[in-house]
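Chemist: Got a predicted model here, sequence first, then my questions.
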Amino acid sequence: MHVSNRFQLIVHAPLSRAALLFGPDGERCWAGPHWNPEFLYPQPGKDVQGAVFTIQHGPNKSVWVNTLFDPQAGRMQYVSFVPDRLVSVVDVWLTSIDPSSTRVDVAYARTALDAEANHDVQAMGRSDRESGPQWQRAIEKCL
């Protein structure tokens, strides 16, 4: 099973400020209590390209790699995996609309590594597709 979804939102902040909200550490401000990255690299943890961290989601621990982190260009990418279950790729593009607003485009691609994970991948895909308004509200509270 493989699913891909996209959504878009507006962050009422300049690109330079908005971009900092999309690193693993920067997301703590708005992503909720389930988002608690434990950095393996670098130490101490910080938002940089090449960062490796884990996230615990219920019984599953996912390993994340920040494969692209360029806040000045407004470009981020993450690859995460739950061993023997699924792989996810998250792409984020930020575009300045004006000096105080930034458009954020997000794309998720999720692939089951085992047929037993197909249902999880489908459910995550539905959730991903509907995430824009939730992200918008959470980021506005954070700002």
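Modeler: All right, it came through fine.

Chemist: ok, Phe22 touching Met76?
Modeler: Yes: the criterion here is C-beta atoms under 8 Å, and Phe22 meets it with Met76 at 5.1 Å. From N, CA and C alone the C-beta is placed, and that goes for glycine too.

Chemist: list the residues that contact both of the two?
Modeler: Val92 (C-beta atoms under 8 Å, 6 or more residues apart in numbering).

Chemist: Next, please give the residue ranges for the helices of this protein.
Modeler: 15-18, 118-129, 132-142 (DSSP state H).

Chemist: right, so those helices: which one is the most enclosed?
Modeler: Mean neighbours per residue, mean count of other C-beta atoms under 10 Å, is largest over the helices of the chain for helix 15-18, with a mean of 18.

Chemist: tell me which strands and helices it is in contact with?
Modeler: Using 3 or more C-beta pairs under 8 Å, 6 or more residues apart in numbering; DSSP states H and E as the contact test, the elements touching helix 15-18 are strand 86-98, strand 101-112.

Chemist: Save the ones you listed as CSV, and put in mean pLDDT and distance to Pro71 too.
Modeler: Formatted as CSV, the helices and strands packed on helix 15-18 follow (pLDDT from 0 to 100; distance: least, C-beta to C-beta, whole Å):
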stretch, mean pLDDT, distance to Pro71
strand 86-98, 98, 8
strand 101-112, 98, 11
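
Chemist: ok, and which of the ones you listed has the densest surroundings?
Modeler: strand 101-112 (a mean of 19).

Chemist: okay, it in CSV with CA atoms only?
Modeler: Taking Å, rounded to 0.1, in the frame of the first residue of the first chain, the C-alpha atoms of strand 101-112 are listed here in CSV:
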residue,chain,number,x,y,z
SER,A,101,2.7,36.0,5.2
THR,A,102,4.1,32.7,4.0
ARG,A,103,2.4,29.9,2.0
VAL,A,104,3.3,26.4,3.2
ASP,A,105,2.8,23.4,0.9
VAL,A,106,3.1,20.0,2.6
ALA,A,107,3.3,16.6,0.8
TYR,A,108,3.2,13.2,2.5
ALA,A,109,4.0,9.9,0.9
ARG,A,110,3.6,6.8,3.0
THR,A,111,4.4,3.2,2.0
ALA,A,112,3.6,0.0,4.0
